[in-house]
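In: Quick one: sequence and predicted model below, then my questions.
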Amino acid sequence: MTQDELKKQAAEAALSYVQGGVIGVGTGSTVNHFIDFLAQIKGRFEGAVSSSEVSSERLKSHGIQVFDLNSAGDLSLYVDGADEANGRLQLIKGGGGALTREKIVAAASETFVCIADESKRVDVLGAFPLPVEVIPMARSYVARELVKLGGTPVWREGFVTDNGNAILDIQGLEIQDPAAMEQQINNIAGVVTVGLFALRGADMLILGSPNGVNIYEP
């Protein structure tokens, strides 16, 4: 099976968790499949809060109503992908640049279901470059502070987040304590947020594999 077929498998499996109301929807290639599957069950839920402009447009193209989080309030379910996930369901996210809005929607949701293909499961986070969203004027300062953590920050040139900010991708990390590093990076002045989802990780991980869907809990 191709990687794309494995992503589709995980995305379709997440449909069973959609139980009405307004749901949170993330960003990325696996989530795109989930949004396409949602179009088949539009009568089962009211609409969605999205973590990116790209996902919002895809939802609208299927006739799914997109709500603002401020008006939707707390959400029962959030479905999103990940760039890496460890055994405790702590994640690295933000390869697509939507990490801040993803983190906000995850925080506002009762249950976070993460969908991915099996290649995203790792023992130690950090092989995938860790994204950090930063206020543009603080980019160089934040980069110098990140070097002190033992990684190599690389500016994602030519990319601007939906919030108008820059992203630094930290290469070469082995993140032994994701929760501590999440707090440490978030405390650097000029950081909007870091793509570590450890303080609020996933509640369930659905991975597509050649042998079928595997479901993990922390």
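Out: In hand now; what should we look at? Numbering: from 1, shown residues only.

In: For the chain, just list every one of the helices.
Out: Secondary structure of the chain (DSSP state H): helices located at 3-13, 29-38, 53-61, 69-72, 99-107, 139-147, 178-186.

In: starting at the chain centroid, how far to the third one?
Out: So that's helix 53-61. 16 Å (Cα atoms, centre = their mean, to the nearest Å).

In: list the contacts for Gly63?
Out: Residues in contact with Gly63 (Cβ atoms under 8 Å, 6 or more residues apart in numbering) are Ala39, Lys42. Placement of C-beta: from N, CA and C, glycine included.

In: same for the longest strand seen in the chain, what does it pack against?
Out: Secondary structure of the chain per DSSP state E: the longest strand is strand 109-117. Contact analysis of strand 109-117 by 3 or more Cβ pairs under 8 Å, 6 or more residues apart in numbering; DSSP states H and E lists helix 3-13, helix 29-38, strand 75-80, strand 204-209 as its packing neighbours.

In: can we see that at 6 Å?
Out: helix 3-13, strand 75-80, strand 204-209 (3 or more Cβ pairs under 6 Å, 6 or more residues apart in numbering; DSSP states H and E).

In: For these, give me JSON lines that also has distance to Glu182, mean pLDDT and mean neighbour count.
Out: JSON lines is the format used below for the helices and strands packed on strand 109-117 (distance: least, Cβ to Cβ, whole Å; pLDDT from 0 to 100; neighbours: other Cβ atoms under 10 Å):
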{"stretch": "helix 3-13", "distance to Glu182": "25", "mean pLDDT": "95", "mean neighbour count": "20"}
{"stretch": "strand 75-80", "distance to Glu182": "17", "mean pLDDT": "97", "mean neighbour count": "24"}
{"stretch": "strand 204-209", "distance to Glu182": "18", "mean pLDDT": "97", "mean neighbour count": "22"}
